[in-house]
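In: whatever this is, show me its structure:
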Amino acid sequence: MRAIIVEKFGGPEVLTLRQQPELRPSPEQLLVRLHTAGVNPVDGYIRSGNYGSLPALPYTPGMDGAGVVEAVGSQLRGYRKGQRVYLSGSLTGTYAEFCLCLPTQVHALPAQISFEEGACLGIPYATASYSLFYRGALKKGQSVLIHGATGGVGLAAVQLAKRAGLRVFATGGTESGRQLVMGHGADYVFDHHQPAYQQQILESTQGEGVNVILEMLANVNLGRDLPLLSKGGCVVIVGSRGPVQIQPRDLMTREADIRGAMILQAPSGVLARIHTDLLTGLNEGTLKPVVWAVFDLEHACDAAALQMQPGASGKVVISCSPPTADA
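Out: Sure thing, here's the model as predicted:
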């Protein structure tokens, strides 16, 4: 089978396509034929070597994907060959034609959701749900600012927040991105490149601020986020690429909090509830992944490079193999 292999940590150029031995599932594993793989920021952090827990070299990157079940371990029940699935993790990496998975990493993919859309679900939608409702503890009628809402996690958060009856404020760096976010349900969208965007947000809340801020780039925005919080509010940090300096008094006067969110540390029971809820949203049509760009497996390095660029308009996806006629 073909798979992307990382033999040394570094930039996107270390992603190399190789022929690898065929995979066979153990009695407690599933073998999935991947049609697509999702490209996530965490993939880049791991690949670069700038992550807390690093895999042994060489390894195949990727946590998200979509495809069909190819083989079922002898001890597993309830699965069949050809079953459409999306993945939230794997044992062997998803930048490949096949991967091995545990049952907890495999979720049903509704017929109306394409494989490209399915590759957008695992990390982005689970992260958005975990950040909004478990770390942010948001309830119907409250307000959230999704800072950097045009990427995979941001758009997922907009859809999930509107579905939950929240008042949604969002930011985006391009006009097309802001229009995309508005089209997916945001109540207010602001240009975070404009000097006055913070004042515009406060005016839109009648000076009260927002209950929760989802922050995708804390090293740039965290200090500017804190004055936008309501009393007792919190910032949930989803992403950061370096250190940051803040004014603690902005927290003190609001009795506010800063919380981190990392979906890879979420309890298994929480993850199970999240993916059950995502399936409901997909089936009812309130959740609809947005694909930004699709690259062939041979061009995985280009996909990884694009994912790290500003101005996202959805999710970057890798096409691993063509769909079969009966899938």
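In: quick check: phi and psi at the residue of the chain most remote from its centre.
Out: Taking CA atoms, centre = their mean, the residue of the chain most remote from its mean C-alpha position is T253, at 32.5 Å. Dihedral pair for T253: phi -70, psi -20, per degrees, to the nearest 10.
In: again with K231
Out: According to degrees, to the nearest 10, K231 has phi -60, psi 130.
In: pLDDT score for it?
Out: For K231, the model assigns a pLDDT of 97.
In: for G82, same thing?
Out: So, for G82, pLDDT stands at 97.
In: which SSE is the residue most central in space within the chain in?
Out: Nearest residue to the geometric centre of the chain (CA atoms, centre = their mean): P124, 1.6 Å. Using DSSP states H and E, P124 sits within helix 122-129.
In: still on that earlier bit, do I have it right that the residue nearest to the centre of the chain meets V153?
Out: Yes: in this structure P124 lies within contact range of V153 using CB atoms under 8 Å: 4.7 Å. In this view, the C-beta of every residue, glycine as well, is placed from N, C-alpha and C.
In: my read: Y45 touches Y51, true?
Out: Yes: Y45 is in contact with Y51 according to CB under 8 Å; the separation is 4.5 Å.
In: ok so, going back, send the alpha carbons of the helix holding P124 over as CSV?
Out: C-alpha atoms of helix 122-129 as CSV (Å, rounded to 0.1, in the frame of the first residue of the first chain):
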residue,chain,number,x,y,z
GLY,A,122,-12.8,13.9,13.7
ILE,A,123,-10.5,16.5,15.3
PRO,A,124,-12.3,19.8,14.2
TYR,A,125,-15.8,19.0,15.2
ALA,A,126,-14.9,17.1,18.3
THR,A,127,-12.5,19.9,19.4
ALA,A,128,-15.2,22.5,18.7
SER,A,129,-17.8,20.6,20.8
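In: which strands and helices sit next to the helix or strand following that helix?
Out: Going down the chain from helix 122-129, the next helix or strand is strand 143-147, by DSSP H and E. Under the contact criterion of 3 or more CB pairs under 8 Å, 6 or more residues apart in numbering; DSSP states H and E, strand 143-147 touches helix 152-163, strand 167-172, strand 210-215, helix 218-225.
In: run through who's touching strand 143-147.
Out: Residues from elsewhere that reach strand 143-147 (CB atoms under 8 Å, 6 or more residues apart in numbering): 132, 136, 138, 154, 157-158, 161, 166-171, 186, 192, 201, 205, 210-217, 221, 225, 228, 230.
In: could you rerun that using 7 Å?
Out: When contacts are defined by CB atoms under 7 Å, 6 or more residues apart in numbering, strand 143-147 is touched by residues 132, 138, 154, 157-158, 161, 166-171, 192, 201, 205, 210-216, 221, 225, 228.
In: which stretch among the helices and strands packed on strand 143-147 comes nearest I263?
Out: Among those, the nearest to I263 by CB to CB is helix 152-163 (9.4 Å).
In: all strands of the stretch 201-327 of the chain, in order?
Out: Under the criterion DSSP state E, counting those that start in this stretch, the stretch 201-327 of the chain carries strands at the ranges 210-215, 229-237, 257-260, 291-296, 315-319.
In: redo those strands as JSON lines? Include mean neighbour count and distance to L17.
Out: Below are the strands of the stretch 201-327 of the chain laid out as JSON lines (neighbours: other CB atoms under 10 Å; distance: least, CB to CB, whole Å):
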{"stretch": "strand 210-215", "mean neighbour count": "26", "distance to L17": "35"}
{"stretch": "strand 229-237", "mean neighbour count": "20", "distance to L17": "34"}
{"stretch": "strand 257-260", "mean neighbour count": "14", "distance to L17": "35"}
{"stretch": "strand 291-296", "mean neighbour count": "17", "distance to L17": "10"}
{"stretch": "strand 315-319", "mean neighbour count": "27", "distance to L17": "11"}
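In: of those strands, which is nearest H275?
Out: strand 315-319 (17.2 Å).
In: can you give the strand pairings for that closest one, parallel or anti for each?
Out: When pairs are called by DSSP bridges, strand 315-319 turns out to pair with strand 30-38 (antiparallel), strand 291-296 (parallel).
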